[in-house]
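# Compute the structure for the input listed below.
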Amino acid sequence: MSGGGFVRLPGGSVVVALTLPSPWADGRKVRVLVHSVNRARALTRLRNLGLRAVYLRGNAHPPTPDEITAVLHHPDGLLWRTAPQETVELWHPIRALLRPVRPA
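Next up is the predicted model:
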């Protein structure tokens, strides 16, 4: 993991942001956002989806206000997009990251 952090919201829940290697092994990284009751539960949600080696050490790169807004308005509370953000890219549901790539 190259960067991550969290923000505790006024209601007590947290938004965790992690920058992880892309599951496609293409050298890119993805930024993943998780809204959950607490940090441990957020990491458990990712591990249950198959992202086993997910850890949050420190708070060097917490989610930005725009990232917090995006994840709070998504029904699943799990989003991703490529990182670093070089072009205008919308957030994707986590299912789009974890679905197997179909050969062309």
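# Would you tell me which helix is longest in the chain?
Under DSSP state H, the helix in the chain containing the largest number of residues is helix 39-48.
# Leaving out the residues flanking it, which one is nearest to Leu78?
Excluding the flanking residues, the one nearest Leu78 by Cβ to Cβ, 6 or more residues apart in numbering is Ile94, at 3.9 Å. C-betas here are computed from N, CA, C, even on glycine.
# Just read off the phi/psi values of the spatially most central residue of the chain.
In the chain, the C-alpha nearest the mean C-alpha coordinate belongs to Val32, at 1.4 Å (Cα atoms, centre = their mean). Per-residue torsions, Val32: phi -110, psi 130 (degrees, to the nearest 10).
# What's the separation between it and Asn48?
13 Å (Cβ to Cβ, to the nearest Å).
# now stretch 64-79: mean pLDDT?
Model confidence over stretch 64-79, given as mean pLDDT, is 93.
# mind checking the end-to-end distance for that stretch?
End-to-end distance for stretch 64-79, by Cα to Cα, to the nearest Å: 14 Å.
# Any chance you could list what contacts it?
When contacts are defined by Cβ atoms under 8 Å, 6 or more residues apart in numbering, stretch 64-79 is touched by residues 7, 9, 15, 17, 31-36, 45-46, 49, 63, 91-94.
# shouldn't the residue nearest to the centre of the chain be in contact with Leu20?
Yes - counting by Cβ atoms under 8 Å, Val32 touches Leu20, with 5.9 Å between them.
# which residues do the two both contact?
Leu51.
# what about His35, how many neighbours?
A count of nearby residues for His35, using other Cβ atoms under 10 Å, gives 22.
# can you pull the contacts of it?
Per Cβ under 8 Å, 6+ apart, neighbours of His35: Ser13, Val14, Val15, Ala42, Val71, Leu72, His74, Gly77, Leu78.
# which residues touch the lowest-mean-pLDDT helix or strand in the chain?
Every helix and strand of the chain was ranked by mean pLDDT, DSSP states H and E. The lowest is helix 94-98, at a mean of 79. By Cβ under 8 Å, 6+ apart, the surrounding residues in contact with helix 94-98 are Pro23, Val30, Val32, Leu49, Gly50, Asp76, Leu78, Leu79, Trp80.
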